[in-house]
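**Q** dropping a prediction and its sequence here:
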Amino acid sequence: MRADDFSYLARLLRRRAGLILTQEKATLAMRRLEPVMRRFGFRSLEPLFQELRLDCEGLADAVIEAMMVNETCFFRDSHQFTRLQTHVLPKLMQARARDKRLRIWSAAASSGQEVYSLAMMLDGLDLAARGWQVDLIATDLSGEALARAQAGHYTQFELQRGLSFEDIARHFRAQESGFTISPRLKAMVKFRRFNLLDSYGWLGDLDLILCRNVLFYFDPATRTSVLDRMAETLSPDGVLLLGATERVASDAYREIEAGFCTPVQPPSLRAVG
Ligand SMILES: C[S@@+](CC[C@H](N)C(=O)[O-])C[C@H]1O[C@@H](n2cnc3c(N)ncnc32)[C@H](O)[C@@H]1O
């Protein structure tokens, strides 16, 4: 890839998705762009970049989509789900015992394994029968990942990464080409395509945000801005869950333990004193 094309690609990704593309990823980037090149009928990357510079929207979307890392699995970092179930949810439910309502956002949901892991956990608590309303919102910038999440259709290999045979038998139906999640679990989740760089106003007050394994792809300024805006959408006793090895890079939070944080005070309030 030509140096000026690489730097155009890096700027496009940063501007449109907050993602950082470093020089070491140049070969990987080229490999990921090849299917886009073929799909749009280019013989090499040079004409693809010429077209991209003409602000061709469909092509820009496809290029950004191709550069996304959608790696995920069911109950990824299972100790975090254990802590959610044994500490975080019981505490939140105690605090919300009067309203019996919880609002949870999986902010970079990829192909849905994270939010369906949550749905399975919540299903086990039988919350609906106990009169609880749980809003489970799952968003991602990748249209392809989100379409997979909405379909709730997975290969056997994907199920085996994180689920027990009991989980699979209970929540999935075998089909010719894989396994589909039960309509009951699917109905628990509202999916929406959403860029973390955009405004969070539509989300309202949230009790729990999962923003795992995405922030480290962002530049520091984007990371801080995302974290600050998430703090504003969390209720004061709400919880933000990062990836197991991620640390919160914002003074808007107090870290409870690895990955679990709670907002200190919304930045807007801190600004006025
Ligand atoms: C590595 S996956 C993490 C999935 C899941 N949270 C987990 O931990 O298993 C990162 C996800 O972030 C999404 N993503 C990257 N940039 C984004 C942005 N600006 N807005 C929303 N989602 C983004 C990608 O499409 C991808 O699905």
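**A** Ah, there it is. Numbers count the residues shown, from 1 in each chain.

**Q** residue boundaries of the helices in the stretch 1-150 of the chain?
**A** 3-17, 26-39, 45-53, 57-67, 78-83, 89-95, 113-124, 143-151 (DSSP state H, counting those that start in this stretch).

**Q** tell me which of those sits most buried.
**A** helix 113-124 (a mean of 22; mean count of other Cβ atoms under 10 Å). C-beta here means a position set from N, CA and C on the backbone, and glycine is covered the same way.

**Q** that one and the ligand, are they touching?
**A** Yes - applying Cβ under 6 Å from any ligand atom, one finds helix 113-124 in contact with the ligand at residue 114.

**Q** list the helices and strands that helix packs on?
**A** With contacts taken as 3 or more Cβ pairs under 8 Å, 6 or more residues apart in numbering; DSSP states H and E, helix 113-124 sits against helix 78-83, strand 101-106, strand 133-140, helix 165-171, helix 183-187, strand 189-193, strand 206-211.

**Q** same list (these) but as TSV, adding distance to the ligand and mean pLDDT.
**A** What follows is these, written out as TSV (distance: least, Cβ to the nearest ligand atom, whole Å; pLDDT from 0 to 100):
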stretch	distance to the ligand	mean pLDDT
helix 78-83	10	96
strand 101-106	7	98
strand 133-140	5	97
helix 165-171	17	96
helix 183-187	17	96
strand 189-193	9	98
strand 206-211	7	98
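
**Q** let's have those in TSV, adding distance to residue 156.
**A** Below are these laid out as TSV (distance: least, Cβ to Cβ, whole Å):
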stretch	distance to residue 156
helix 78-83	19
strand 101-106	23
strand 133-140	23
helix 165-171	9
helix 183-187	18
strand 189-193	22
strand 206-211	25
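
**Q** related to what we said a few turns ago, tabulate the helices of the stretch 1-150 of the chain in a markdown table, adding columns for distance to residue 216.
**A** Formatted as a markdown table, these follow (distance: least, Cβ to Cβ, whole Å):
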| stretch | distance to residue 216 |
| --- | --- |
| helix 3-17 | 14 |
| helix 26-39 | 16 |
| helix 45-53 | 26 |
| helix 57-67 | 15 |
| helix 78-83 | 16 |
| helix 89-95 | 26 |
| helix 113-124 | 16 |
| helix 143-151 | 17 |
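
**Q** residue 134: which of these is closest?
**A** helix 113-124 (5.8 Å; Cβ to Cβ).

**Q** mean confidence score for that closest one?
**A** Here helix 113-124 scores 96 as its mean pLDDT.

**Q** chain center to it, what's the gap?
**A** Put simply, helix 113-124 sits 14 Å off its chain's centre (Cα atoms, centre = their mean, to the nearest Å).

**Q** by how many degrees do that helix and strand 206-211 diverge?
**A** Relative orientation of helix 113-124 and strand 206-211, computed by axes from the mean of the first three to the mean of the last three Cα atoms, to 10 degrees: 140 degrees.

**Q** list the contacts of helix 113-124.
**A** 72-76, 81, 84-85, 89, 104, 106, 109, 134, 136, 138, 149, 152, 154, 158, 162, 167, 171, 181, 184-185, 188-189, 210, 212 (Cβ atoms under 8 Å, 6 or more residues apart in numbering).

**Q** at 7 Å what do you get?
**A** The contact list for helix 113-124 (Cβ atoms under 7 Å, 6 or more residues apart in numbering) reads 72-76, 81, 84-85, 104, 106, 109, 134, 136, 138, 152, 162, 167, 171, 181, 185, 188-189, 210, 212.

**Q** I'd like the distance between residue 8 and residue 1.
**A** 10 Å (Cβ to Cβ, to the nearest Å).

**Q** can you check residue 143 too?
**A** 24 Å.

**Q** give me the domain ranges for this structure.
**A** 3-67, 78-271 (automatic domain parsing).

**Q** from the chain's centroid, how far away is the longest one?
**A** The chain centroid and the centroid of domain 78-271 are separated by 8 Å under Cα atoms, centre = their mean.

**Q** understood, closing this out.
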